[in-house]
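Asker: kindly return the folded structure for what I paste below:
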Amino acid sequence: MTNAAQKKTKNKSVYASGPKQSAIESHTFAVLVDNEPGVLAKVIGLFSGRGYNIDSLTVAETDHDASLSRITIVCSGTPQVIDQIRTQLEKQVPVRHVSDLTVSGPFVDRELALVKVVAAGEKRIEALRIADIFRARVVDSTLNSFVFEVTGDMGKVEAFLELMRPLGMVDVSRTGVAAISRGQESFAKQSIQ
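Answerer: Here you go, the predicted model:
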């Protein structure tokens, strides 16, 4: 067997093996934008245009007088993708300030979910017991159903949903993540300066 034939049997592919994939990370971005029509579409358009996925998205006006809204985006990707997302967000015209809360320091994040459970007998009792453990509130009740309100980080909400599924969960409505940095720094004041 010639050297060339030996090399072909060792390397079955003619393509070089690519670099090792970096670990996928989840990041939470706080984005302060001008509150005007079309801004959300512009900001979110950069995600769909580049094939990035959004795990959670919330937006609301935070300063009526200054006409500012805050968008909280949770997304996943390799470190390179996360850097690209931040860079692209900062280039958007209506964007005043971008903060990657995941790397800028400790932060608090919460999500609210409304969970409808249809159950009777023991399953109904178990659903109430689990709701009590998770500090979920009953916000609506009929003879056969409950609507629970559960608030917490994404992990807590997911754990609650997993336990309610076998007990008769039939519907869920989630707000998405709201997040804010800990400590005395003000995101809004940094971004207006």
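Asker: for residue 59, list each beta-bridge partner.
Answerer: residue 71 (DSSP bridges).
Asker: neighbours of it, how many?
Answerer: By other CB atoms under 10 Å, 18 other residues sit near residue 59. All C-beta spots, glycine's among them, are computed from the backbone N, C-alpha and C.
Asker: I'd guessed it sits against residue 68; true?
Answerer: No: in this structure, residue 59 is not within contact of residue 68 by CB atoms under 8 Å, at 11.3 Å.
Asker: now residue 183: closest residue in space that isn't a chain neighbour?
Answerer: residue 105 (7.0 Å; CB to CB, 6 or more residues apart in numbering).
Asker: hmm, the one you found is touching residue 180, no?
Answerer: No: when contacts are counted by CB under 8 Å, residue 105 is not listed as touching residue 180 (11.3 Å).
Asker: okay, the two: which has more neighbours?
Answerer: Between residue 105 and residue 180, counting by other CB under 10 Å, residue 180 is the more crowded of the two (14 against 11).
Asker: how much space is there between the more buried one and residue 104?
Answerer: In this view, residue 180 and residue 104 are 11 Å apart by CB to CB, to the nearest Å.
Asker: and the helices in the protein?
Answerer: Along the chain, counting by DSSP state H, helices occupy 3-10, 39-50, 79-91, 101-104, 121-133, 154-164, 187-192.
Asker: and the fourth one, what does it pack onto?
Answerer: Counting contacts by 3 or more CB pairs under 8 Å, 6 or more residues apart in numbering; DSSP states H and E, helix 101-104 is packed against strand 25-34, strand 178-181.
Asker: burial count for residue 182?
Answerer: Neighbours of residue 182 (other CB under 10 Å): 10.
Asker: which strand in the chain has the most residues?
Answerer: Using DSSP state E, we find that the single longest strand of the chain is strand 107-118.
Asker: buried residues in it?
Answerer: Buried residues in strand 107-118, defined by neighbour count with 16 or more other CB atoms under 10 Å: 109, 111, 113, 114, 115, 116, 117, 118.
Asker: how about stretch 169-182?
Answerer: Here stretch 169-182 shows 169, 172, 174, 176, 177, 178, 179, 181 as buried, counting by 16+ other CB under 10 Å.
Asker: which among those residues gets closest to residue 48?
Answerer: For those, the residue nearest residue 48 by CB to CB is residue 176; the value is 16.9 Å.
Asker: any idea how far residue 111 is from the closest one?
Answerer: Counting by CB to CB, the gap from residue 176 to residue 111 is 6 Å.
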